[in-house]
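> Predicted coordinates and the sequence they were generated for:
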Protein chains: 2
Amino acid sequence: MTRFLYNQEMSLVVVGSVAYDGVETPHGRVERMLGGAATYIALSSSYFTITRIVAVVGDDFADEDTRLLESRGIDLEGLERVPGKTFFWAGKYSDDMNDRETLQTDLNVFADFDPKIPPSYRSSPYLLLGNIQPALQRSVRAQMNGLRLAGGDTMNYWIRDFRDDLAATIREWDFLLINDSEARLLSGHENLRKAANAILDMGPHTLVIKRGEYGAMLFRRDSYFIVPGYLLEDVFDPTGAGDCFAGGFIGYLAEKGFDLEGDHIGRGELSRAVIYGSVMGSFCCERFGVERFRSLTRDEIDARFEEFRRFTSF
Amino acid sequence: MTRFLYNQEMSLVVVGSVAYDGVETPHGRVERMLGGAATYIALSSSYFTITRIVAVVGDDFADEDTRLLESRGIDLEGLERVPGKTFFWAGKYSDDMNDRETLQTDLNVFADFDPKIPPSYRSSPYLLLGNIQPALQRSVRAQMNGLRLAGGDTMNYWIRDFRDDLAATIREWDFLLINDSEARLLSGHENLRKAANAILDMGPHTLVIKRGEYGAMLFRRDSYFIVPGYLLEDVFDPTGAGDCFAGGFIGYLAEKGFDLEGDHIGRGELSRAVIYGSVMGSFCCERFGVERFRSLTRDEIDARFEEFRRFTSF
């Protein structure tokens, strides 16, 4: 049994979906496997800091999946179990894996998800809100006290149909993590530099734009940082890569005890958080679903961080 | 009049098209302006080393266009003038400018282009072969003596329909500069890491893959380097950006007097050449056609090089 010696004061609360996924890529097909944004975020952040999940699953949720999360030291007190079936999503990737088609979405018990934060979680200083309804994201944030750093993800559906709600939600966030098409949709600008400036006007003082295989960008008022994507020899399954990025990003900042509002966090630390995010996203793609996290070690993570330094420095 | 104080021994010969272009982008439309791969490569490389053009134009080629090239110190002894019209190309870019449609291609005098290297050019140590018929590229290389570094570009048409010819040509090159879709087509591999390894087996010991707005990658047997693209606020016209990249890449290596075969060139210098290539490509997009080169200074180029360092280091 691995021992986890994290500083409890640096713990991270992750809210989002815990699900089952059916995935088809050019490398193969899995009918049903553990998935969901909160699952990927937490598995990823668990390499950096103590991680506490808030999610809901049905009575079909398998013990072996609980055990995987526990084996990574993840706190499951906030994982609610209710009668019914766990959220199920199925999708199929294009040949180059840059697009995917959703084949099935059964919200099941996730349809009535009303995140309740256990009292033991409320003083955690770090909060990552996965892609759920903006009003729920807001209610979670309101249940926390003593936050040092809060932010999260969203998606096209909320940007298009819940714009005011989303605006009220992200206004309170320190950082927003979205992909390039979402940034364009949210800001109304095709150019990402203009899009970033418009989004920073909406509240978050830090914006991370994920670009899939092309890497990621970080924007603040006075600076920006761009990293290319890691060049894998084989991408088996990109599912969860963006969530693993988020887990690595916030996990590293939590591990270091950073506070984005403070003066003691500079562009350098945020850039390194983006690199750790990129590292975790790249590992995620190496196997189907969460498989890579069964064997991944912190040493491998740190070695790939150094590899990023080698192939990007000049 | 600007004075050019380059080392004549480091001169670069550029072979390719000098043309007129009609271009439409979301920012506007120009019916006819100076263009062509050799034009863009030479304008770009002229900031780094003495540059000698080998190309053909018709009797409609305007004096003001000759003067622009001369104002950058470019040697036009190899610019052949023949009766007839200069190569004309017209194209229209998509809204996001990642795709373009060719509206018109009139080869005119370029159809019979048979590059003749003036005796004064033959001992130049650097050679950049723009995208022309592979057999012509080979004949040019054979006319040179004392080459330290030779390489060039190609395109889908030659890869598909002149594969053996192209293979015989690039086998003799030090470096190949192509875009990602061309690398996939040439190698038969979708994955760029695999594609790069396959292409390095074909002859060149250095491969640069251009990715448009996403930047560029450099591959050698034992190392690789990736840089993201520069984030422009406005891309007016991407025409010629890839050629300006090539001019900055080879221009910098020529300025420094490098020899890729030698032991004295490391990954660091090649990476910096890729950055100078990226810098020149980014400036090219800031105005229509070659307009940016009327005012661009070496100080601006070096300042943007430092900006690349700032937004990519961590």
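Received it, and whenever you're ready, just let me know what you need.
> Go ahead and produce CSV holding the CA coordinates of the helix or strand harbouring residue A:23.
In this assignment (DSSP states H and E), residue A:23 forms part of strand A:19-25. The C-alpha atoms that make up strand A:19-25 are tabulated as CSV, following Å, rounded to 0.1, in the frame of the first residue of the first chain:
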residue,chain,number,x,y,z
ALA,A,19,-19.2,7.8,-14.8
TYR,A,20,-18.9,4.8,-16.9
ASP,A,21,-17.7,5.3,-20.5
GLY,A,22,-17.9,3.3,-23.7
VAL,A,23,-15.0,4.4,-26.0
GLU,A,24,-14.0,3.5,-29.5
THR,A,25,-10.7,4.8,-31.0
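> can you pull the contacts of residue A:108?
A:58, A:84-88 (CB atoms under 8 Å, 6 or more residues apart in numbering or on different chains). Any C-beta I mention is one placed from the backbone N, CA and C, and that applies to glycine too.
> same question, residue A:186
A:154, A:159, A:166, A:178, A:195, A:199, A:202 are the contacts of residue A:186 under CB under 8 Å, 6+ apart.
> What of residue A:100?
A:91-94, A:238.
> Those residues into a markdown table, with extra columns for secondary structure?
Shown next, in a markdown table, are those (DSSP: H, G, I helix; E, B strand; the rest coil):
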| residue | secondary structure |
| --- | --- |
| A:91 | strand |
| A:92 | strand |
| A:93 | strand |
| A:94 | coil |
| A:238 | coil |
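> from those, which is closest to chain B?
residue A:94 (11.1 Å; CB to the nearest CB).
> Please report the distance of residue A:154 from residue A:137.
8 Å (CB to CB, to the nearest Å).
> Ok, residue A:115 next?
For residue A:115 relative to residue A:137 (CB to CB), the value is 9 Å.
> same deal with residue A:60?
Distance from residue A:60 to residue A:137, by CB to CB: 26 Å.
> so where's the stretch 51-200 of chain A shaky on pLDDT?
For the stretch 51-200 of chain A, no stretch is flagged by pLDDT under 70.
> ok, back up a step: of the contacts of residue A:108, grab the buried ones for ChimeraX.
Only the buried members of these end up in this ChimeraX selection, burial being decided by 16 or more other CB atoms under 10 Å in any protein chain shown:
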select /A:58,85,86,87,88
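> Reformat the contacts of residue A:108 as CSV; add distance to chain B and secondary structure.
Listed next are the contacts of residue A:108 as CSV, based on distance: CB to the nearest CB, whole Å; DSSP: H, G, I helix; E, B strand; the rest coil:
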residue, distance to chain B, secondary structure
A:58, 38, coil
A:84, 41, coil
A:85, 37, coil
A:86, 34, coil
A:87, 32, coil
A:88, 30, strand
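> residues from the stretch 1-150 of chain A in reach of chain B?
A:95-96 (CB under 8 Å from any CB of the partner chain).
> Considering only the stretch 1-150 of chain A, name the residue that lies closest to chain B.
Counting by CB to the nearest CB, the stretch 1-150 of chain A gets nearest to chain B through residue A:96 (6.3 Å).
> now do the stretch 51-200 of chain A
For the stretch 51-200 of chain A, CB to the nearest CB, closest residue to chain B: residue A:193, 4.9 Å.
> got the contact list for that residue?
Neighbours of residue A:193 in contact, by CB under 8 Å, 6+ apart: A:224, B:231-233.
> And these, which of them are buried?
For the contacts of residue A:193, buried by 16+ other CB under 10 Å: A:224, B:231-232.
> Which neighbouring elements make contact with the longest helix along chain A?
Using DSSP state H to define each element, chain A has its longest helix at helix A:267-284. Under the contact definition 3 or more CB pairs under 8 Å, 6 or more residues apart in numbering or on different chains; DSSP states H and E, helix A:267-284 sits against helix A:37-45, strand A:206-210, strand A:216-220, strand A:223-227, helix A:241-255, helix A:298-312.
> deepest of the ones you listed, which one?
Highest mean neighbour count of those: helix A:37-45, a mean of 31 (counted as mean count of other CB atoms under 10 Å in any protein chain shown).
> Residues touching it, excluding its own?
A:12, A:14-19, A:51, A:53-55, A:68-69, A:72, A:74, A:128, A:130-131, A:153, A:240, A:243-248, A:250-251, A:254, A:280, A:284, A:290, A:293.
> Three-state assignment for the nearest residue to residue A:307 once chain neighbours are set aside, please.
Spatially, and ignoring its direct neighbours in sequence, residue A:307 is nearest to residue A:230 (7.8 Å; CB to CB, 6 or more residues apart in numbering or on different chains). Using three-state DSSP, the structure places residue A:230 in coil.
> got the contact list for residue A:230?
A:278-279, A:281-282, A:304, A:307-308.
> Near chain B, which residues of the stretch 201-314 of chain A? Just list them.
Residues of the stretch 201-314 of chain A lying near chain B (CB under 8 Å from any CB): A:211, A:214-215, A:217, A:223-228, A:231-235, A:268, A:271-272, A:274-275, A:308-314.
> how about 10 Å then?
Residues of the stretch 201-314 of chain A lying close to chain B by CB under 10 Å from any CB of the partner chain are A:211, A:213-219, A:223-235, A:267-275, A:305, A:308-314.
> returning to what we had before: please report phi then psi for the residue lying closest to the residue of the stretch 1-150 of chain A closest to chain B once chain neighbours are set aside.
Nearest non-adjacent residue to residue A:96, counting by CB to CB, 6+ apart: residue B:190, 6.3 Å away. For residue B:190, the backbone dihedrals (degrees, to the nearest 10) come out as phi -70, psi -40.
> do the one 4 residues further on as well
Dihedral pair for residue B:194: phi -70, psi -40, per degrees, to the nearest 10.
> give me the residue from the stretch 151-300 of chain A nearest chain B.
Counting by CB to the nearest CB, the stretch 151-300 of chain A gets nearest chain B through residue A:271, at 3.7 Å.
> how near is that residue to residue A:250?
Relative to residue A:250, and taking CB to CB, residue A:271 is found at 15 Å.
> circling back to that earlier point, residue A:60 and residue A:137: which is more packed in?
The neighbour count for residue A:60 versus residue A:137, taken as other CB atoms under 10 Å in any protein chain shown, is higher for residue A:137 (29 against 12).
> for the more buried one, what are its contacts?
Shown in contact with residue A:137 (CB atoms under 10 Å, 6 or more residues apart in numbering or on different chains): A:15-16, A:115, A:127, A:129-131, A:150-154, A:158, A:165-166, A:169-170, A:172-173.
> ok, of those, which come out buried?
A:15-16, A:115, A:127, A:129-131, A:150-154, A:158, A:165-166, A:169-170, A:173.
> Got the confidence number for the residue of the stretch 151-300 of chain A closest to chain B?
Looking at residue A:271, its pLDDT stands at 96.
> and the gap between it and residue A:128?
For residue A:271 relative to residue A:128 (CB to CB), the value is 19 Å.
> Just want to know which of those two has more residues nearby.
Per other CB under 10 Å, whichever of residue A:271 and residue A:128 has more neighbours is residue A:128, with 29 against 20.
> ok but that one is inside a strand, no?
Yes: counting by three-state DSSP, residue A:128 is part of a strand.
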